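Chemist: Below is the structure, and that's it, no one-letter string:
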Ligand SMILES: O=C([O-])CC(=O)C(=O)O
Ligand SMILES: [Mg+2]
């Protein structure tokens, strides 16, 4: 693979070893249409920054690293995005060791230590990336408290990015519960307390009118995926305000580890419009604005400024993933910006796609077609109605029946009971399609008894709601009841895997949003699957990026779902699994990406031409790999 410095040396104008303390730094200048008027000033201040602090800004056109990673940089670095006329790409010596993108720690070779002024800055031993990995896993396993593991692994991410991703990819099943659900939930709750290195971009109401300027403070110019939250509904934990940042950071780590997006092309953002969480407002370590949430027009205007600034700064092909917004804003934002931006709501659409995939796979175990099943949801918010709608859409496509008809096989229960037509007037708009003719029923148990669903799905964010009676009732009317406890984190799960298997005498087909360990029941081992949108969004995003898609379409969600369901093997089914293991996730993501990209081309929404012939191979070839590069 081309060495970083060689790659840079090939690029335009270079100033090498010319800037004092940053000796060995490589500066590239002269990119973009608007360079002329800015050049002198910015160039000067940048160089000043290097002299004084060894500052380092990474190359937005990403010629570093060579190989497939360039695909993105070159494709996406459109002229209008490159408004900065200067770039500094690689530092050396002390600065190099503190640059997480280029740092290799003890893995720097003798030659590299000589060439990059590292002599004396490292102990003499030279170790391989594999040995570093082995040591880190050993150290991580010493921590018994998951949050300590989280902190250790986040330290690694800001110290040595390639090692972080190598570790995550090679130990995905073990580390996913640490960098992601459920530990990330606890990390958000305590984010102020454990805060050490800022990650991501914070945009608070203080920045009103200046959001574009704030975006320009981010060192990368070529961004392909933004995950943004306003922290109002973090997992099932509620309003965590600014401390929700752990979620975009965690989701984007998965974009890279699971989907192969380059880390430098990923931008985590938290929009801080205040919080209504009283205990955070009183917490001396809280890191956000100490005020109640802005709502109504003020909220809408602020979000609009954000959405406009993102498009202006990064162009129309940047994917904006909305994450963990409260219901009332999530649906509106998706509807409002779905026609003007490339937006995706993970909680509505990602969750829907992953659940549909699991259900389609489950048909292999329970028999029948999708239309022959009856679905009952506890929870009629983003996840519940999102999944319900995608199931109805799939049924409609399969049977060529109007979607309104298909919805009739799907029932939802919210905090006031079964959603029925007599409640229509008082229902929020996203619940109205599910208000079918039925007498009112106050609770879930009553609804299970009356509706006799074959599939029970929990999506309310409230834990322990699938009681023994509820689960036993499911078992009494189904040979193999499908039970999905989707709420996160583990504390909010509707029931545990053990409860689901025990209360159904091992007959349940069970999956959950948060991971559960295998369960032994009557001498048999049951392995629960994880119905988490982490299966979908990395590959989905990759598919959009490699096809240059400009809009998300529901058919792409169905395409992603179909690709995931197709990855479940006979061996998985034999263990009762309706999802493949995460160990194969990069292959799964490539297949999802290929299906999504194919759909984008079919729908005329793709801009990357010509269409690559073999999309799976192409997706794989575009994936970031975190092995160290050698520097000349
Ligand atoms: O983050 C997760 O594990 C899944 C998800 O989107 C949520 O629960 O909001
Ligand atoms: Mg979420």
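Modeler: Thanks, I have the structure now. Note that the structure is predicted; figures quoted are calculated from it, not measured. Ligands and ions are numbered 1, 2, ... in the order given.

Chemist: Now do residue 600: how many residues are near it, please.
Modeler: Neighbourhood size, residue 600 [other C-beta atoms under 10 Å]: 27. Heads up, the C-betas are built off the backbone N, CA and C, glycines and all.

Chemist: Could you tell me which residues make contact with it?
Modeler: Applying C-beta atoms under 8 Å, 6 or more residues apart in numbering to residue 600 gives the contacts 543-544, 547, 549, 553, 556, 606.

Chemist: hmm, 6 Å instead?
Modeler: 547, 549, 606 (C-beta atoms under 6 Å, 6 or more residues apart in numbering).

Chemist: end to end, how far does stretch 318-328 reach?
Modeler: End-to-end distance for stretch 318-328, by C-alpha to C-alpha, to the nearest Å: 24 Å.

Chemist: Next: stretch 252-265.
Modeler: 10 Å.

Chemist: Contacts made by it with the rest, please.
Modeler: Against stretch 252-265 from outside (C-beta under 6 Å, 6+ apart): 69, 72, 161, 165, 168-169, 179, 220, 223-225, 227, 266, 268, 534, 538-539, 541-542, 585, 589, 623-624.

Chemist: For ligand 2, what's the nearest residue on the stretch 501-632 of the chain?
Modeler: Ligand 2 sits closest to residue 533 of the stretch 501-632 of the chain, with a gap of 6.8 Å, by C-beta to the ion.

Chemist: now do the stretch 1-150 of the chain
Modeler: For the stretch 1-150 of the chain, C-beta to the ion, closest residue to ligand 2: residue 150, 17.4 Å.

Chemist: Return the distance of the host helix or strand of that residue from the chain's centre.
Modeler: Using DSSP states H and E, residue 150 sits in helix 146-159. Computed by C-alpha atoms, centre = their mean, to the nearest Å, the chain-centroid distance of helix 146-159 equals 18 Å.

Chemist: Spell out which parts of the chain neighbour ligand 2.
Modeler: Residues of the chain found near ligand 2 (C-beta under 5 Å from the ion) are 323-324, 347.

Chemist: filter the residues you listed by proximity to ligand 1?
Modeler: Filtering those for proximity to ligand 1 by C-beta under 6 Å from any ligand atom leaves 324, 347.

Chemist: could the residues of the chain next to ligand 2 go into a markdown table alongside secondary structure, distance to residue 144 and pLDDT?
Modeler: Output for the residues of the chain next to ligand 2, formatted as a markdown table (DSSP: H, G, I helix; E, B strand; the rest coil; distance: C-beta to C-beta, whole Å; pLDDT from 0 to 100):
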| residue | secondary structure | distance to residue 144 | pLDDT |
| --- | --- | --- | --- |
| 323 | coil | 30 | 98 |
| 324 | coil | 28 | 98 |
| 347 | helix | 31 | 98 |
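
Chemist: The residues of the chain next to ligand 2 into JSON lines, with extra columns for distance to residue 374 and neighbour count?
Modeler: Supplementary listing: the residues of the chain next to ligand 2 in JSON lines, determined by distance: C-beta to C-beta, whole Å; neighbours: other C-beta atoms under 10 Å:
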{"residue": "323", "distance to residue 374": "31", "neighbour count": "29"}
{"residue": "324", "distance to residue 374": "30", "neighbour count": "28"}
{"residue": "347", "distance to residue 374": "24", "neighbour count": "23"}
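
Chemist: still on that earlier bit, next step: the contacts of stretch 252-265 restricted to helices.
Modeler: Judged by DSSP state H, helices contain the following of the contacts of stretch 252-265: 69, 72, 161, 165, 168-169, 179, 538-539, 541-542, 585, 589.

Chemist: near ligand 1, which of these show up?
Modeler: Okay, of the ones in helices among the contacts of stretch 252-265, nothing touches ligand 1 (C-beta under 6 Å from any ligand atom).

Chemist: strands paired with the longest strand along the chain, and their directions?
Modeler: In the chain, taking DSSP state E as the definition, the longest strand is strand 266-272. With DSSP bridges as the test, strand 266-272 is paired with strand 201-204 (parallel), strand 225-229 (parallel).

Chemist: tell me the most buried of those?
Modeler: Highest mean neighbour count of the strands paired with strand 266-272: strand 225-229, a mean of 27 (counted as mean count of other C-beta atoms under 10 Å).

Chemist: hmm, that strand in reach of ligand 1?
Modeler: No - under the criterion of C-beta under 6 Å from any ligand atom, strand 225-229 makes no contact with ligand 1; the nearest approach is 9.5 Å.

Chemist: Average the pLDDT values over the helix holding residue 150 and round to the nearest integer.
Modeler: Helix 146-159 carries an average pLDDT of 98.

Chemist: rewinding a little: adding mean pLDDT, write the strands paired with strand 266-272 out as a markdown table.
Modeler: What follows is the strands paired with strand 266-272, written out as a markdown table (pLDDT from 0 to 100):
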| stretch | mean pLDDT |
| --- | --- |
| strand 201-204 | 98 |
| strand 225-229 | 99 |
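
Chemist: Can you add distance to residue 262 and give these back as JSON lines?
Modeler: Output for the strands paired with strand 266-272, formatted as JSON lines (distance: least, C-beta to C-beta, whole Å):
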{"stretch": "strand 201-204", "distance to residue 262": "17"}
{"stretch": "strand 225-229", "distance to residue 262": "10"}
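
Chemist: Out of those, which is closest to residue 568?
Modeler: Smallest distance to residue 568 across the strands paired with strand 266-272 (C-beta to C-beta): 26.3 Å, for strand 225-229.

Chemist: Secondary structure element for the residue nearest to the spatial centre of the chain, which one?
Modeler: Geometric centre of the chain, nearest residue: residue 251, 3.0 Å, by C-alpha atoms, centre = their mean. Assigned by DSSP H and E, residue 251 belongs to helix 246-259.

Chemist: between that helix and helix 146-159, how many degrees?
Modeler: Interaxial angle, helix 246-259 versus helix 146-159 (axes from the mean of the first three to the mean of the last three C-alpha atoms, to 10 degrees): 70 degrees.

Chemist: Helix 246-259 and ligand 1, any residue contact?
Modeler: No - judged by C-beta under 6 Å from any ligand atom, helix 246-259 stays clear of ligand 1, getting no closer than 6.5 Å.

Chemist: Which single one of the ones in helices among the contacts of stretch 252-265 is nearest to ligand 1?
Modeler: Nearest to ligand 1, judged by C-beta to the nearest ligand atom, of the ones in helices among the contacts of stretch 252-265 is residue 179 at 11.2 Å.

Chemist: how near is the closest one to residue 147?
Modeler: Distance of residue 179 to residue 147, computed by C-beta to C-beta, to the nearest Å: 12 Å.

Chemist: out of these two, which sits in the more crowded spot?
Modeler: Comparing residue 179 with residue 147 by other C-beta under 10 Å, the one with more neighbours is residue 179, at 25 against 17.

Chemist: How much space separates the more buried one from residue 165?
Modeler: Applying C-beta to C-beta to residue 179 and residue 165 gives a distance of 11 Å.

Chemist: What number of residues are in the vicinity of the closest residue in space to residue 293 that isn't next to it in sequence?
Modeler: The shortest distance from residue 293 to any non-neighbouring residue, by C-beta to C-beta, 6 or more residues apart in numbering, is to residue 274 (4.3 Å). Per other C-beta under 10 Å, the neighbour tally for residue 274 reads 23.
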